[in-house]
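*Asks:* let me see the structure of the following:
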Amino acid sequence: MNVNWIRQHIEKNLSVFKLEVFDDSKKHQHHPGNTGGSHFELLLVSDDFEALSRIERHRLVYKALNMPHPEIHALAMKLYTRKEWEDTCQK
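*Replies:* Here you go, the predicted model:
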């Protein structure tokens, strides 16, 4: 699994204003069975999140990535609408 695969599936299934994907696997090399490419961090800004709860946003991303996916062990997500991003994160 790699960040390009995740990026492609997000961009294919959701409207994207900002997308960053990081492979965080090196921080988890001590976990049994971790062979790399299994821990990721995702920052996604999308208007698809309008009027959705935090759980609904996560479910939308999981659906876009066909989760559960056997090669993704952990996925940390920061999900914002464009307005939330501009109001909160761009100041």
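
*Asks:* need the contact list for Asp24.
*Replies:* His39, Phe40, Glu41, Ala74, Ala76 (CB atoms under 8 Å, 6 or more residues apart in numbering). For every residue, glycine as well, the C-beta is placed using N, CA and C.

*Asks:* what's across from Val21 in the sheet?
*Replies:* When assigned by DSSP bridges, Val21 has beta-bridge partners Leu42.

*Asks:* run a quick neighbour tally on it.
*Replies:* 18 (other CB atoms under 10 Å).

*Asks:* what sits against it?
*Replies:* Val3, Ile6, Arg7, Ile10, Phe40, Glu41, Leu42, Leu43 are the contacts of Val21 under CB under 8 Å, 6+ apart.

*Asks:* before we move on, back to that, of the contacts of Asp24, grab the buried ones for PyMOL.
*Replies:* Per 16 or more other CB atoms under 10 Å, the buried members of these correspond to this PyMOL selection:
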select buried, resi 39+40+41
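
*Asks:* in the contacts of Asp24, find the pair that's most separated.
*Replies:* Glu41 and Ala74 (9.0 Å; CB to CB).

*Asks:* what's the pLDDT at Arg82?
*Replies:* Confidence at Arg82, expressed as pLDDT, is 94.

*Asks:* so who does the residue nearest the centre of the chain touch?
*Replies:* Against the mean C-alpha coordinate of the chain, by CA atoms, centre = their mean, the closest residue is Leu42 at 3.4 Å. The contact partners of Leu42, by CB under 8 Å, 6+ apart, come to Ile6, Ile10, Leu19, Glu20, Val21, Phe22, Val61, Leu75, Ala76, Met77, Lys78, Leu79.
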